[in-house]
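Enquirer: Could you look at this predicted model? Sequence included:
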Amino acid sequence: MAPSFIKLLLAATSATVALALTPVEELAVNVHVPVGLIVDVINAPDYSKIDIGEWAGLLEQPVEAVKAWPDDVKAYVLAELSTEVSVAIAPQDERRELVARAETIRAVERQLLSVHNARIQSGRNGCFQNVPCGSCVVAAGFAGTSGIAGCIGAAFAAIGGTVGTATPIVVSAAIECGAKVAGVTTAAIGACHSAL
C-alpha cells in the first residue's frame with residue numbers, strides 16, 4: 001500500500017475538524033482501529049513490539065500477509081503510520097512543519113530508490129541472460145529495497161520526535177544508512193557476477 005494512500009485516508013478522516021486538534025479518539029473511530037493502537041504507534045520507541053497485524057484492516061491487506069512482511073518493511077510502514085497519525089492530530093502550525101519534514105524524508109527515499117533501481121537494472125544487464133545470475137541480482141535487489149525501507153522507517157520515526165532544526169541530522173543519517181545498504185547490495189551483485 002502506498003504511503004500516499006494512507007496519508008489521504010488519514011487526512012480524509014480528520015477533515016471534519018479544521019484548524020484544531022483532532023482527538024485521537026475521533027481518528028481511531030474514523031479509521032476503525034482501537035485508540036490504544038494509535039497511541040502505541042505514536043509513542044513507540046521500538047516498532048518491533050507492535051503487532052502490525054492489528055493494522056491490516058487499515059492497510060487493506062490480509063493479516064497473514066502483513067505479518068509475513070520483513071521486519072524492515074514492518075518498521076517502515078509503522079513509522080509512516082506514526083508520522084501520518086501525528087500529522088492528522090497535530091495543531092495546524094505543527095502539522096505544516098511535520099508535513100515539510102516528512103516530505104524531505106520522502107525526497108531522500110525517492111532518490112535512494114531511484115539509484116538502487118538503476119544499480120539493480122545495471123546488475124541484471126551484466127548477467128548476459130544467465131538465469132541464476134539474474135535471480136541472484138533480483139534477490140540482492142529485494143534485500144537492498146528492504147534495507148532502504150529500514151533506513152527510511154528509522155528516519156520517519158526520528159522526525160516525529162524532533163524539532164525542525166534536527167531534520168538535517170536525520171536526513172544525513174538516512175543518507176548514510178542508504179549508502180551502507182548500497183555498499184552491501186553492490187557487493188552482493190558483484191558476487192552474483194563472479195558466479196558467471
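Expert: Sure, I can see it. Numbering: from 1, shown residues only.

Enquirer: before we move on, what SS does the spatially most central residue of the chain have?
Expert: Closest to where the C-alpha atoms of the chain average out (CA atoms, centre = their mean) is Y76, at 3.2 Å. For Y76, the secondary structure call by DSSP: H, G, I helix; E, B strand; the rest coil comes out as helix.

Enquirer: Enumerate every residue touching it.
Expert: Counting by CB atoms under 8 Å, 6 or more residues apart in numbering, Y76 makes contact with A149, G150, I152, G153, F156. Where you see a C-beta, it was placed from the backbone N, CA and C, and this is true even at glycine.

Enquirer: and the nearest residue to it once chain neighbours are set aside, what element?
Expert: Leaving aside its chain neighbours, Y76 sits nearest to G153 (3.5 Å; criterion: CB to CB, 6 or more residues apart in numbering). If you go by DSSP states H and E, G153 is part of helix 131-160.

Enquirer: quick one: average confidence on that helix?
Expert: What helix 131-160 shows for mean pLDDT is 90.

Enquirer: and after that helix, which helix or strand comes next?
Expert: Using DSSP H and E, the helix or strand that directly follows helix 131-160 along the chain is helix 167-194.

Enquirer: Remind me what that next one packs against, helices and strands.
Expert: helix 92-125, helix 131-160 (3 or more CB pairs under 8 Å, 6 or more residues apart in numbering; DSSP states H and E).

Enquirer: Tell me what angle the first one forms with helix 167-194.
Expert: Read that as helix 92-125. Per axes from the mean of the first three to the mean of the last three CA atoms, to 10 degrees, the angle that helix 92-125 makes with helix 167-194 is 10 degrees.

Enquirer: can you check the last one too?
Expert: Angular relation of helix 131-160 and helix 167-194 on a 0 to 180 degree scale: 170 degrees, by the same axes, to 10 degrees.

Enquirer: Which pLDDT value goes with the closest residue to A28 other than its chain neighbours?
Expert: With sequence-adjacent residues excluded and distances taken as CB to CB, 6+ apart, A28 is closest to V35, at 4.4 Å. V35 carries a pLDDT value of 85.

Enquirer: Report the contact partners of V35.
Expert: By CB under 8 Å, 6+ apart, the neighbours of V35 are V24, E25, A28.

Enquirer: And for the residue nearest to Y76, the neighbour number?
Expert: 26 (other CB atoms under 10 Å).

Enquirer: Can you convert the helices and strands packed on helix 167-194 into CSV and add a column each for distance to A188?
Expert: Listed next are those as CSV, based on distance: least, CB to CB, whole Å:
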stretch, distance to A188
helix 92-125, 9
helix 131-160, 4
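
Enquirer: so of those, which one's packed in deepest?
Expert: Among the helices and strands packed on helix 167-194, helix 131-160 has the highest mean neighbour count (mean count of other CB atoms under 10 Å), at a mean of 20.
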